[in-house]
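Trainee: No sequence on hand, only this structure:
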Ligand code: NAD
(Lines give C-alpha, C1' and ligand atoms only; values in the text may rest on other atoms or scores of the structure.)
Protein backbone atom coordinates (compact mmCIF):
# COMPACT_ATOMS: atom_id res chain seq x y z
CA UNK A 1 0.00 0.00 0.00
CA UNK A 2 1.23 3.50 -0.90
CA UNK A 3 1.13 6.28 1.68
CA UNK A 4 -0.21 9.82 1.76
CA UNK A 5 2.32 12.65 1.49
CA UNK A 6 1.65 15.25 4.17
CA UNK A 7 4.03 17.85 5.59
CA UNK A 8 7.04 16.33 3.84
CA UNK A 9 6.47 12.76 5.13
CA UNK A 10 4.88 9.61 3.75
CA UNK A 11 2.19 8.57 6.24
CA UNK A 12 -0.65 6.02 6.30
CA UNK A 13 -4.23 7.18 5.96
CA UNK A 14 -5.98 7.62 9.30
CA UNK A 15 -8.74 5.30 8.02
CA UNK A 16 -6.45 2.49 6.96
CA UNK A 17 -8.49 1.52 3.87
CA UNK A 18 -7.06 1.19 0.35
CA UNK A 19 -8.18 1.23 -3.29
CA UNK A 20 -6.83 -1.36 -5.72
CA UNK A 21 -5.13 0.00 -8.81
CA UNK A 22 -5.98 -2.17 -11.84
CA UNK A 23 -4.00 -2.38 -15.07
CA UNK A 24 -6.77 -1.92 -17.68
CA UNK A 25 -4.89 -3.99 -20.29
CA UNK A 26 -4.34 -7.06 -18.12
CA UNK A 27 -7.23 -6.52 -15.65
CA UNK A 28 -4.73 -7.39 -12.87
CA UNK A 29 -4.28 -5.46 -9.61
CA UNK A 30 -0.87 -3.72 -9.79
CA UNK A 31 -0.85 -1.50 -6.72
CA UNK A 32 -2.93 -0.12 -3.87
CA UNK A 33 -3.35 3.50 -2.75
CA UNK A 34 -4.77 4.79 0.52
CA UNK A 35 -8.35 6.01 0.84
CA UNK A 36 -7.86 9.36 2.53
CA UNK A 37 -10.35 10.57 5.14
CA UNK A 38 -11.71 14.01 5.99
CA UNK A 39 -9.15 14.06 8.83
CA UNK A 40 -6.32 13.37 6.35
CA UNK A 41 -7.57 16.18 4.11
CA UNK A 42 -7.71 18.51 7.11
CA UNK A 43 -4.17 17.54 8.17
CA UNK A 44 -2.88 18.28 4.67
CA UNK A 45 -4.63 21.66 4.59
CA UNK A 46 -3.18 22.48 8.03
CA UNK A 47 0.33 21.60 6.78
CA UNK A 48 -0.15 23.72 3.66
CA UNK A 49 -1.49 26.63 5.74
CA UNK A 50 1.48 26.44 8.11
CA UNK A 51 3.96 26.36 5.21
CA UNK A 52 2.29 29.18 3.28
CA UNK A 53 3.80 32.35 4.83
CA UNK A 54 7.36 31.18 4.35
CA UNK A 55 6.81 29.82 0.81
CA UNK A 56 4.95 32.99 -0.21
CA UNK A 57 7.89 35.05 1.08
CA UNK A 58 10.47 32.88 -0.74
CA UNK A 59 11.94 34.93 -3.58
CA UNK A 60 10.42 34.01 -6.96
CA UNK A 61 13.91 33.16 -8.22
CA UNK A 62 14.28 30.61 -5.40
CA UNK A 63 10.85 29.14 -6.18
CA UNK A 64 11.99 28.94 -9.80
CA UNK A 65 15.05 27.00 -8.70
CA UNK A 66 12.93 24.34 -6.94
CA UNK A 67 10.83 23.94 -10.07
CA UNK A 68 13.93 23.72 -12.24
CA UNK A 69 15.34 20.95 -10.06
CA UNK A 70 11.95 19.19 -10.10
CA UNK A 71 12.08 19.34 -13.91
CA UNK A 72 15.53 17.74 -13.86
CA UNK A 73 14.33 14.93 -11.57
CA UNK A 74 11.25 14.35 -13.72
CA UNK A 75 13.34 14.26 -16.90
CA UNK A 76 15.69 11.71 -15.35
CA UNK A 77 12.71 9.48 -14.48
CA UNK A 78 10.75 10.03 -17.70
CA UNK A 79 10.91 6.45 -18.96
CA UNK A 80 10.06 4.92 -15.61
CA UNK A 81 7.07 7.23 -15.17
CA UNK A 82 5.91 6.54 -18.75
CA UNK A 83 5.90 2.83 -17.90
CA UNK A 84 3.84 3.52 -14.78
CA UNK A 85 1.31 5.53 -16.82
CA UNK A 86 1.15 2.89 -19.57
CA UNK A 87 0.34 0.26 -16.93
CA UNK A 88 -2.07 2.39 -14.89
CA UNK A 89 -3.98 4.28 -17.62
CA UNK A 90 -3.46 1.86 -20.52
CA UNK A 91 -1.83 4.48 -22.76
CA UNK A 92 0.51 3.05 -25.42
CA UNK A 93 4.06 3.40 -24.07
CA UNK A 94 5.21 5.75 -26.86
CA UNK A 95 2.27 8.05 -26.18
CA UNK A 96 2.87 7.83 -22.45
CA UNK A 97 6.45 9.03 -22.96
CA UNK A 98 5.69 11.71 -25.55
CA UNK A 99 2.40 13.10 -24.27
CA UNK A 100 1.82 12.01 -20.70
CA UNK A 101 5.37 12.73 -19.50
CA UNK A 102 6.76 14.98 -22.25
CA UNK A 103 4.00 17.57 -22.00
CA UNK A 104 4.02 18.02 -18.21
CA UNK A 105 7.80 18.24 -18.34
CA UNK A 106 7.52 21.19 -20.72
CA UNK A 107 4.83 22.73 -18.49
CA UNK A 108 6.97 22.33 -15.36
CA UNK A 109 9.92 23.97 -17.09
CA UNK A 110 7.72 26.79 -18.37
CA UNK A 111 6.62 27.57 -14.80
CA UNK A 112 10.22 27.48 -13.59
CA UNK A 113 10.93 30.19 -16.19
CA UNK A 114 7.76 32.13 -15.43
CA UNK A 115 8.43 32.17 -11.69
CA UNK A 116 11.77 33.80 -12.46
CA UNK A 117 10.55 36.20 -15.14
CA UNK A 118 6.99 37.19 -14.22
CA UNK A 119 6.76 40.74 -12.87
CA UNK A 120 4.78 40.20 -9.67
CA UNK A 121 5.36 43.76 -8.48
CA UNK A 122 5.43 45.96 -11.51
CA UNK A 123 1.87 46.94 -12.41
CA UNK A 124 0.65 50.55 -12.55
CA UNK A 125 -2.89 51.90 -12.73
CA UNK A 126 -3.01 55.70 -12.61
CA UNK A 127 -1.03 56.64 -9.51
CA UNK A 128 -1.50 53.22 -7.89
CA UNK A 129 1.06 50.47 -7.80
CA UNK A 130 -0.55 47.12 -8.64
CA UNK A 131 1.08 44.07 -7.08
CA UNK A 132 0.23 40.40 -7.42
CA UNK A 133 0.50 38.21 -4.34
CA UNK A 134 0.11 34.47 -3.79
CA UNK A 135 -3.55 33.69 -3.10
CA UNK A 136 -2.91 31.19 -0.26
CA UNK A 137 -3.55 27.45 0.01
CA UNK A 138 -4.63 25.80 -3.24
CA UNK A 139 -6.56 22.53 -3.53
CA UNK A 140 -5.99 20.71 -6.82
CA UNK A 141 -8.58 18.04 -7.69
CA UNK A 142 -7.82 16.18 -10.90
CA UNK A 143 -9.21 13.72 -13.44
CA UNK A 144 -7.50 10.52 -14.60
CA UNK A 145 -7.47 11.40 -18.32
CA UNK A 146 -4.00 13.00 -18.28
CA UNK A 147 -2.85 11.68 -14.91
CA UNK A 148 0.48 13.56 -14.70
CA UNK A 149 -0.23 16.58 -16.90
CA UNK A 150 -3.34 17.74 -15.02
CA UNK A 151 -1.68 17.66 -11.57
CA UNK A 152 1.44 19.39 -12.98
CA UNK A 153 -0.62 22.18 -14.62
CA UNK A 154 -2.09 23.05 -11.25
CA UNK A 155 0.79 22.29 -8.90
CA UNK A 156 3.54 23.97 -10.97
CA UNK A 157 1.48 27.13 -11.49
CA UNK A 158 0.51 27.30 -7.81
CA UNK A 159 4.08 26.77 -6.58
CA UNK A 160 5.43 29.35 -9.05
CA UNK A 161 2.86 31.83 -7.76
CA UNK A 162 3.90 31.22 -4.13
CA UNK A 163 0.87 29.17 -3.09
CA UNK A 164 1.07 25.91 -1.16
CA UNK A 165 -0.90 22.95 -2.45
CA UNK A 166 -2.95 19.90 -1.52
CA UNK A 167 -3.41 17.55 -4.49
CA UNK A 168 -6.25 15.05 -4.66
CA UNK A 169 -5.80 12.93 -7.77
CA UNK A 170 -8.54 10.77 -9.21
CA UNK A 171 -9.04 7.40 -7.54
CA UNK A 172 -8.78 6.04 -11.11
CA UNK A 173 -5.19 5.85 -12.46
CA UNK A 174 -3.69 7.59 -9.38
CA UNK A 175 -0.08 6.39 -9.68
CA UNK A 176 1.30 9.29 -11.75
CA UNK A 177 0.38 11.68 -8.92
CA UNK A 178 2.48 9.55 -6.58
CA UNK A 179 5.37 9.84 -9.01
CA UNK A 180 4.95 13.62 -8.96
CA UNK A 181 5.04 13.66 -5.15
CA UNK A 182 8.28 11.69 -5.22
CA UNK A 183 9.77 14.10 -7.76
CA UNK A 184 8.88 17.14 -5.64
CA UNK A 185 10.18 15.45 -2.49
CA UNK A 186 13.45 14.65 -4.24
CA UNK A 187 13.67 18.25 -5.47
CA UNK A 188 13.81 19.30 -1.81
CA UNK A 189 10.59 21.25 -1.59
CA UNK A 190 10.10 22.39 2.04
CA UNK A 191 7.63 20.29 4.12
CA UNK A 192 3.97 21.28 3.74
CA UNK A 193 4.44 23.21 0.49
CA UNK A 194 3.08 20.26 -1.49
CA UNK A 195 0.81 17.53 -0.08
CA UNK A 196 -0.92 14.54 -1.66
CA UNK A 197 -4.11 12.97 -0.34
CA UNK A 198 -5.62 10.23 -2.48
CA UNK A 199 -9.15 9.00 -1.94
CA UNK A 200 -12.69 9.40 -3.15
CA UNK A 201 -14.23 12.57 -4.52
CA UNK A 202 -17.21 12.67 -2.15
CA UNK A 203 -14.90 12.42 0.89
CA UNK A 204 -11.48 13.99 0.19
CA UNK A 205 -12.60 16.13 -2.77
CA UNK A 206 -15.54 17.60 -0.89
CA UNK A 207 -13.49 18.11 2.28
CA UNK A 208 -10.98 20.19 0.28
CA UNK A 209 -13.54 22.09 -1.80
CA UNK A 210 -15.41 23.14 1.33
CA UNK A 211 -12.46 23.68 3.69
CA UNK A 212 -12.40 27.24 5.08
CA UNK A 213 -8.58 27.34 5.02
CA UNK A 214 -8.37 26.59 1.28
CA UNK A 215 -8.22 29.81 -0.75
CA UNK A 216 -8.21 28.48 -4.33
CA UNK A 217 -9.76 25.30 -5.65
CA UNK A 218 -8.70 24.21 -9.08
CA UNK A 219 -10.76 21.32 -10.41
CA UNK A 220 -10.55 19.20 -13.56
CA UNK A 221 -13.31 16.68 -14.23
CA UNK A 222 -16.88 16.39 -15.40
CA UNK A 223 -19.24 19.32 -15.56
CA UNK A 224 -21.54 17.65 -13.02
CA UNK A 225 -18.77 17.35 -10.41
CA UNK A 226 -17.54 20.86 -11.24
CA UNK A 227 -20.94 22.26 -10.28
CA UNK A 228 -20.76 20.49 -6.92
CA UNK A 229 -17.19 21.71 -6.28
CA UNK A 230 -18.16 25.30 -7.12
CA UNK A 231 -21.19 25.11 -4.81
CA UNK A 232 -19.07 23.83 -1.91
CA UNK A 233 -16.40 26.47 -2.56
CA UNK A 234 -18.97 29.27 -2.58
CA UNK A 235 -19.55 29.04 1.16
CA UNK A 236 -16.08 30.34 1.97
CA UNK A 237 -15.89 32.46 -1.23
CA UNK A 238 -12.89 30.70 -2.72
CA UNK A 239 -11.36 31.44 -6.05
CA UNK A 240 -12.51 28.61 -8.33
CA UNK A 241 -10.99 27.27 -11.53
CA UNK A 242 -13.07 24.66 -13.35
CA UNK A 243 -11.67 22.68 -16.29
CA UNK A 244 -14.60 20.56 -17.45
CA UNK A 245 -15.89 18.42 -20.30
CA UNK A 246 -16.11 19.08 -24.01
CA UNK A 247 -17.76 18.02 -27.26
CA UNK A 248 -15.52 19.83 -29.69
CA UNK A 249 -16.14 20.25 -33.40
CA UNK A 250 -13.70 20.08 -36.28
CA UNK A 251 -15.26 22.22 -39.01
CA UNK A 252 -14.03 21.34 -42.49
CA UNK A 253 -14.92 24.09 -45.00
CA UNK A 254 -15.56 23.16 -48.64
CA UNK A 255 -12.20 24.41 -49.96
CA UNK A 256 -10.07 22.72 -47.26
CA UNK A 257 -7.54 19.97 -47.91
CA UNK A 258 -10.08 17.25 -47.11
CA UNK A 259 -7.67 14.35 -46.68
CA UNK A 260 -5.42 16.26 -44.24
CA UNK A 261 -8.38 17.64 -42.27
CA UNK A 262 -10.11 14.26 -41.94
CA UNK A 263 -6.93 12.48 -40.92
CA UNK A 264 -6.09 15.06 -38.23
CA UNK A 265 -9.66 15.00 -36.91
CA UNK A 266 -9.66 11.21 -36.62
CA UNK A 267 -6.33 11.37 -34.78
CA UNK A 268 -7.63 13.97 -32.34
CA UNK A 269 -10.84 11.99 -31.73
CA UNK A 270 -8.91 8.79 -30.94
CA UNK A 271 -5.91 10.24 -29.08
CA UNK A 272 -5.53 8.57 -25.68
CA UNK A 273 -8.31 6.13 -26.70
CA UNK A 274 -10.58 9.15 -27.08
CA UNK A 275 -10.13 9.98 -23.41
CA UNK A 276 -9.16 13.64 -23.73
CA UNK A 277 -11.33 16.60 -22.86
CA UNK A 278 -10.31 18.49 -26.00
CA UNK A 279 -10.95 15.63 -28.49
CA UNK A 280 -12.54 16.76 -31.76
CA UNK A 281 -15.27 14.19 -31.35
CA UNK A 282 -17.53 15.81 -33.97
CA UNK A 283 -16.47 16.21 -37.59
CA UNK A 284 -18.53 18.71 -39.61
CA UNK A 285 -18.25 18.27 -43.39
CA UNK A 286 -20.04 20.00 -46.28
CA UNK A 287 -22.66 17.74 -47.90
CA UNK A 288 -20.81 17.81 -51.25
CA UNK A 289 -17.73 16.23 -49.68
CA UNK A 290 -19.44 14.16 -47.01
CA UNK A 291 -19.32 10.68 -48.59
CA UNK A 292 -15.67 11.11 -49.50
CA UNK A 293 -14.91 12.30 -45.94
CA UNK A 294 -16.65 9.23 -44.47
CA UNK A 295 -14.56 6.96 -46.71
CA UNK A 296 -11.35 8.74 -45.65
CA UNK A 297 -12.32 8.67 -41.97
CA UNK A 298 -13.01 4.94 -42.00
CA UNK A 299 -9.66 4.30 -43.69
CA UNK A 300 -7.86 6.47 -41.10
CA UNK A 301 -9.74 4.82 -38.20
CA UNK A 302 -8.72 1.35 -39.40
CA UNK A 303 -5.06 2.39 -39.14
CA UNK A 304 -5.54 2.83 -35.37
CA UNK A 305 -4.37 -0.53 -34.15
CA UNK A 306 -5.95 -1.53 -30.82
CA UNK A 307 -3.82 -3.59 -28.49
CA UNK A 308 -1.41 -4.02 -25.63
CA UNK A 309 0.05 -0.65 -24.52
CA UNK A 310 3.55 -2.15 -24.49
CA UNK A 311 3.35 -3.77 -27.95
CA UNK A 312 5.03 -1.99 -30.86
CA UNK A 313 2.48 -0.53 -33.27
CA UNK A 314 -0.38 -0.15 -30.75
CA UNK A 315 -2.10 3.20 -31.23
CA UNK A 316 -5.14 2.62 -29.02
CA UNK A 317 -4.86 1.00 -25.63
CA UNK A 318 -7.78 -0.06 -23.45
CA UNK A 319 -10.15 2.38 -21.81
CA UNK A 320 -9.22 3.19 -18.24
CA UNK A 321 -11.65 0.89 -16.41
CA UNK A 322 -14.40 -1.68 -16.86
CA UNK A 323 -16.99 0.83 -15.67
CA UNK A 324 -15.82 3.46 -18.14
CA UNK A 325 -15.82 0.97 -21.02
CA UNK A 326 -19.41 0.13 -20.14
CA UNK A 327 -20.37 3.83 -20.31
CA UNK A 328 -18.72 4.15 -23.73
CA UNK A 329 -20.40 0.98 -25.03
CA UNK A 330 -23.80 2.25 -23.87
CA UNK A 331 -23.18 5.53 -25.73
CA UNK A 332 -22.41 3.59 -28.93
CA UNK A 333 -25.57 1.49 -28.59
CA UNK A 334 -27.59 4.68 -28.03
CA UNK A 335 -26.10 6.17 -31.22
CA UNK A 336 -27.32 3.18 -33.22
CA UNK A 337 -30.73 3.27 -31.56
CA UNK A 338 -31.12 6.96 -32.46
CA UNK A 339 -30.51 6.18 -36.13
CA UNK A 340 -26.86 7.15 -36.72
CA UNK A 341 -25.04 4.84 -39.16
CA UNK A 342 -22.15 2.82 -37.74
CA UNK A 343 -19.43 2.75 -40.43
CA UNK A 344 -16.50 1.49 -38.33
CA UNK A 345 -16.10 -0.25 -34.95
CA UNK A 346 -19.08 -0.68 -32.63
CA UNK A 347 -20.07 -1.68 -29.13
CA UNK A 348 -18.80 -5.27 -29.39
CA UNK A 349 -15.44 -5.32 -27.55
CA UNK A 350 -12.42 -6.80 -29.37
CA UNK A 351 -11.50 -10.28 -28.02
CA UNK A 352 -9.00 -10.88 -25.24
CA UNK A 353 -8.35 -9.31 -21.84
CA UNK A 354 -8.40 -5.55 -21.37
CA UNK A 355 -11.13 -2.92 -21.41
CA UNK A 356 -10.85 -2.28 -25.15
CA UNK A 357 -13.28 -0.55 -27.48
CA UNK A 358 -12.70 -0.57 -31.24
CA UNK A 359 -12.23 2.85 -32.88
CA UNK A 360 -15.78 3.75 -33.84
CA UNK A 361 -17.11 6.12 -36.51
CA UNK A 362 -20.74 7.15 -36.91
CA UNK A 363 -21.99 8.70 -40.16
CA UNK A 364 -25.36 10.34 -40.70
CA UNK A 365 -25.24 12.02 -37.31
CA UNK A 366 -27.83 14.78 -36.88
CA UNK A 367 -27.60 17.74 -34.49
CA UNK A 368 -29.42 16.94 -31.27
CA UNK A 369 -28.71 13.19 -31.23
CA UNK A 370 -27.23 12.07 -27.91
CA UNK A 371 -23.91 11.08 -29.51
CA UNK A 372 -23.77 14.58 -31.00
CA UNK A 373 -24.46 16.44 -27.73
CA UNK A 374 -22.98 14.41 -24.90
CA UNK A 375 -19.33 13.83 -24.14
CA UNK A 376 -18.44 10.13 -24.55
CA UNK A 377 -14.72 10.22 -23.62
CA UNK A 378 -13.96 7.16 -25.76
CA UNK A 379 -12.82 6.47 -29.34
CA UNK A 380 -16.10 7.49 -30.94
CA UNK A 381 -16.30 10.02 -33.78
CA UNK A 382 -19.60 11.56 -34.96
CA UNK A 383 -19.63 12.80 -38.60
CA UNK A 384 -22.22 15.48 -39.26
CA UNK A 385 -23.06 16.91 -42.71
CA UNK A 386 -23.81 20.64 -43.12
CA UNK A 387 -25.12 22.78 -45.97
CA UNK A 388 -23.82 26.33 -45.42
CA UNK A 389 -21.01 27.81 -43.35
CA UNK A 390 -23.60 29.46 -41.11
CA UNK A 391 -25.13 26.01 -40.46
CA UNK A 392 -21.70 24.64 -39.61
CA UNK A 393 -21.09 27.41 -37.08
CA UNK A 394 -24.53 26.89 -35.55
CA UNK A 395 -23.97 23.13 -35.22
CA UNK A 396 -20.47 23.63 -33.79
CA UNK A 397 -21.87 26.06 -31.19
CA UNK A 398 -24.98 23.95 -30.61
CA UNK A 399 -23.88 21.94 -27.56
CA UNK A 400 -23.61 23.44 -24.07
CA UNK A 401 -19.83 22.87 -24.13
CA UNK A 402 -17.10 25.13 -25.52
CA UNK A 403 -13.65 23.70 -24.92
CA UNK A 404 -11.74 23.16 -28.16
CA UNK A 405 -12.26 22.88 -31.89
CA UNK A 406 -10.69 23.13 -35.31
CA UNK A 407 -11.37 24.96 -38.55
CA UNK A 408 -9.95 23.91 -41.92
CA UNK A 409 -10.12 26.07 -45.06
CA UNK A 410 -8.23 26.75 -48.27
CA UNK A 411 -6.66 29.85 -46.74
CA UNK A 412 -5.91 31.01 -43.25
CA UNK A 413 -8.01 34.19 -43.34
CA UNK A 414 -11.19 32.30 -44.15
CA UNK A 415 -10.44 29.72 -41.49
CA UNK A 416 -9.72 32.46 -38.95
CA UNK A 417 -12.99 34.22 -39.69
CA UNK A 418 -14.91 31.03 -38.82
CA UNK A 419 -12.64 30.28 -35.84
CA UNK A 420 -13.58 33.66 -34.35
CA UNK A 421 -17.25 32.70 -34.50
CA UNK A 422 -16.82 29.52 -32.44
CA UNK A 423 -17.81 29.88 -28.76
CA UNK A 424 -14.93 27.84 -27.45
CA UNK A 425 -11.70 28.35 -25.50
CA UNK A 426 -9.31 27.26 -28.24
CA UNK A 427 -9.48 26.63 -31.95
CA UNK A 428 -6.80 24.99 -34.08
CA UNK A 429 -6.65 26.82 -37.41
CA UNK A 430 -5.63 24.69 -40.41
CA UNK A 431 -3.84 22.22 -38.17
CA UNK A 432 -2.08 24.76 -35.91
CA UNK A 433 -0.35 22.78 -33.15
CA UNK A 434 -1.25 22.89 -29.45
CA UNK A 435 1.07 25.23 -27.53
CA UNK A 436 1.71 24.70 -23.83
CA UNK A 437 2.14 28.43 -23.15
CA UNK A 438 -1.26 29.44 -24.54
CA UNK A 439 -4.21 29.79 -22.13
CA UNK A 440 -6.27 26.58 -21.97
CA UNK A 441 -9.84 26.46 -20.73
CA UNK A 442 -13.46 26.51 -21.70
CA UNK A 443 -16.56 28.60 -22.34
CA UNK A 444 -19.94 27.75 -20.82
CA UNK A 445 -20.19 24.14 -19.51
CA UNK A 446 -16.50 23.57 -20.28
CA UNK A 447 -15.43 25.68 -17.37
CA UNK A 448 -14.20 28.83 -15.72
CA UNK A 449 -10.64 30.16 -15.66
CA UNK A 450 -7.56 29.11 -17.57
CA UNK A 451 -4.54 26.86 -17.17
CA UNK A 452 -1.04 27.04 -18.67
CA UNK A 453 1.26 30.00 -19.21
CA UNK A 454 0.73 33.40 -17.64
CA UNK A 455 -3.06 33.01 -17.52
CA UNK A 456 -2.63 29.77 -15.53
CA UNK A 457 -0.21 31.47 -13.11
CA UNK A 458 -2.56 34.38 -12.48
CA UNK A 459 -5.33 32.06 -11.26
CA UNK A 460 -3.17 31.63 -8.11
CA UNK A 461 -2.48 35.34 -7.58
CA UNK A 462 -4.45 38.02 -5.77
CA UNK A 463 -4.29 41.58 -7.09
CA UNK A 464 -3.57 44.42 -4.66
CA UNK A 465 -3.67 48.14 -5.43
CA UNK A 466 -1.23 50.28 -3.42
CA UNK A 467 -2.43 53.88 -3.73
CA UNK A 468 0.57 56.15 -3.65
P1 LIG B 1 -14.94 13.29 -12.27
O2 LIG B 1 -15.72 14.55 -12.19
O3 LIG B 1 -15.62 12.00 -12.04
O4 LIG B 1 -13.71 13.32 -11.22
C5 LIG B 1 -12.75 14.34 -11.24
C6 LIG B 1 -12.14 14.47 -9.86
O7 LIG B 1 -13.13 14.95 -8.97
C8 LIG B 1 -11.63 13.17 -9.27
O9 LIG B 1 -10.46 13.42 -8.52
C10 LIG B 1 -12.77 12.76 -8.36
O11 LIG B 1 -12.36 11.92 -7.28
C12 LIG B 1 -13.21 14.11 -7.85
N13 LIG B 1 -14.60 14.14 -7.35
C14 LIG B 1 -15.63 13.30 -7.66
N15 LIG B 1 -16.74 13.66 -6.98
C16 LIG B 1 -16.40 14.74 -6.24
C17 LIG B 1 -17.12 15.57 -5.34
N18 LIG B 1 -18.40 15.34 -5.04
N19 LIG B 1 -16.47 16.62 -4.77
C20 LIG B 1 -15.17 16.87 -5.07
N21 LIG B 1 -14.43 16.10 -5.91
C22 LIG B 1 -15.05 15.06 -6.49
O23 LIG B 1 -14.24 13.31 -13.69
P24 LIG B 1 -13.24 12.24 -14.36
O25 LIG B 1 -14.02 11.08 -14.83
O26 LIG B 1 -12.07 12.05 -13.50
O27 LIG B 1 -12.74 13.10 -15.61
C28 LIG B 1 -13.35 13.11 -16.87
C29 LIG B 1 -13.83 14.51 -17.17
O30 LIG B 1 -12.76 15.45 -17.06
C31 LIG B 1 -14.32 14.64 -18.61
O32 LIG B 1 -15.52 15.38 -18.62
C33 LIG B 1 -13.20 15.42 -19.28
O34 LIG B 1 -13.60 16.15 -20.41
C35 LIG B 1 -12.78 16.33 -18.17
N36 LIG B 1 -11.45 16.89 -18.39
C37 LIG B 1 -11.36 18.24 -18.60
C38 LIG B 1 -10.13 18.81 -18.85
C39 LIG B 1 -9.99 20.28 -19.10
O40 LIG B 1 -8.89 20.78 -19.01
N41 LIG B 1 -11.06 20.99 -19.39
C42 LIG B 1 -8.98 18.01 -18.88
C43 LIG B 1 -9.11 16.63 -18.66
C44 LIG B 1 -10.37 16.08 -18.41
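Mentor: That came through, no problem. Computed from a predicted model, the values in this text were never measured in an experiment.
Trainee: Lowest average confidence across helices and strands of the protein, where is it?
Mentor: Scoring the helices and strands of the chain by mean pLDDT, DSSP states H and E places strand 123-125 at the bottom, with a mean of 91.
Trainee: Contacts for that one, please.
Mentor: The contact list for strand 123-125, computed with CB atoms under 8 Å, 6 or more residues apart in numbering, reads 129, 130, 131, 132, 465. In this view, the C-beta of every residue, glycine as well, is placed from N, C-alpha and C.
Trainee: any idea which of those is closest to the ligand?
Mentor: Nearest to the ligand among these, counting by CB to the nearest ligand atom, is residue 132 at 23.4 Å.
Trainee: what does the stretch 201-350 of the chain put close to the ligand?
Mentor: For the stretch 201-350 of the chain, the residues in contact with the ligand (CB under 6 Å from any ligand atom) are 201-202, 205-206, 209, 220-222, 225, 228-229, 243-246, 277.
Trainee: which ones among those are found in helices?
Mentor: Residues of those located in helices (DSSP state H): 206, 209, 225, 228, 229.
Trainee: how much distance is there from stretch 152-169 to the middle of the chain?
Mentor: In terms of CA atoms, centre = their mean, to the nearest Å, the gap separating the centre of stretch 152-169 from the centre of its chain is 15 Å.
Trainee: what about it, how long is it end to end?
Mentor: One end of stretch 152-169 sits 11 Å from the other (CA to CA, to the nearest Å).
Trainee: could you give the mean pLDDT of it?
Mentor: For stretch 152-169, the mean pLDDT works out to 99.
Trainee: Tell me which residues of the longest helix along the chain come out buried.
Mentor: Counting residues, the longest helix found in the chain (DSSP H) is helix 38-57. Neighbour-count burial for helix 38-57, with 16 or more other CB atoms under 10 Å as criterion, is recorded at 38, 40-49, 51-52, 55-56.
Trainee: So which elements touch it?
Mentor: strand 4-6, strand 128-134, strand 137-141, strand 164-168, strand 194-196, helix 206-210 (3 or more CB pairs under 8 Å, 6 or more residues apart in numbering; DSSP states H and E).
Trainee: so what are the domain limits for this structure?
Mentor: What the record gives for the chain is the domain set 4-244+444-467, 249-429, from automatic domain parsing.
Trainee: what's the straight distance from one end of the longest one to the other?
Mentor: Between the start and the finish of domain 4-244+444-467 there is a gap of 44 Å, counting by CA to CA.
Trainee: And residue 140, what's its pLDDT?
Mentor: pLDDT, residue 140: 99.
Trainee: In this structure it contacts residue 156, no?
Mentor: No. In this structure, residue 140 is not within contact of residue 156 by CB atoms under 8 Å, at 10.3 Å.
Trainee: Could you pull up the residues touching the nearest residue to residue 313 once chain neighbours are set aside?
Mentor: Of all residues not flanking residue 313 in the chain, residue 305 sits nearest, at 5.5 Å (CB to CB, 6 or more residues apart in numbering). Shown in contact with residue 305 (CB under 8 Å, 6+ apart): 313, 314, 315, 316.
Trainee: By neighbours, which of the residues you listed wins?
Mentor: Ranked by the number of neighbours (other CB atoms under 10 Å), the contacts of residue 305 place residue 316 first, at 26 neighbours.
Trainee: Go through the buried residues of helix 38-57 and name the one nearest the ligand.
Mentor: Nearest to the ligand among those, counting by CB to the nearest ligand atom, is residue 41 at 10.5 Å.
Trainee: As a check, name the ranges of all helices in the stretch 251-400 of the chain.
Mentor: Ranges of helices in the stretch 251-400 of the chain, per DSSP state H, counting those that start in this stretch, are 258-270, 290-302, 322-337, 370-373, 389-396.
Trainee: now what about the fourth one, what contacts it?
Mentor: Taking CB under 8 Å, 6+ apart as the criterion, the residues outside helix 370-373 that touch it are 247, 282, 331-332, 334-335, 338, 340, 362, 365-366, 380, 382, 384, 398-400.
Trainee: Equivalent analysis for the last one, please.
Mentor: Contacts to helix 389-396, defined as CB under 8 Å, 6+ apart, come from residues 249, 251, 253, 282, 284, 286, 367, 384, 386, 405, 418, 421-422, 424.
Trainee: Show me the strands paired with the following helix or strand past it, marking each as parallel or antiparallel.
Mentor: Sequence order places strand 405-408 as the next helix or strand after helix 389-396, per DSSP states H and E. Sheet pairing for strand 405-408, assigned by DSSP bridges, gives strand 249-252 (parallel), strand 428-429 (parallel).
Trainee: tell me which parts of the stretch 51-200 of the chain are close to the ligand?
Mentor: Counting by CB under 6 Å from any ligand atom, the stretch 51-200 of the chain sits next to the ligand at 141, 142, 143, 144, 145, 146, 150, 168, 170, 171, 200.
Trainee: What subset of the residues you listed is buried?
Mentor: Buried among those by 16+ other CB under 10 Å: 141, 142, 143, 144, 145, 146, 150, 168, 170, 171, 200.
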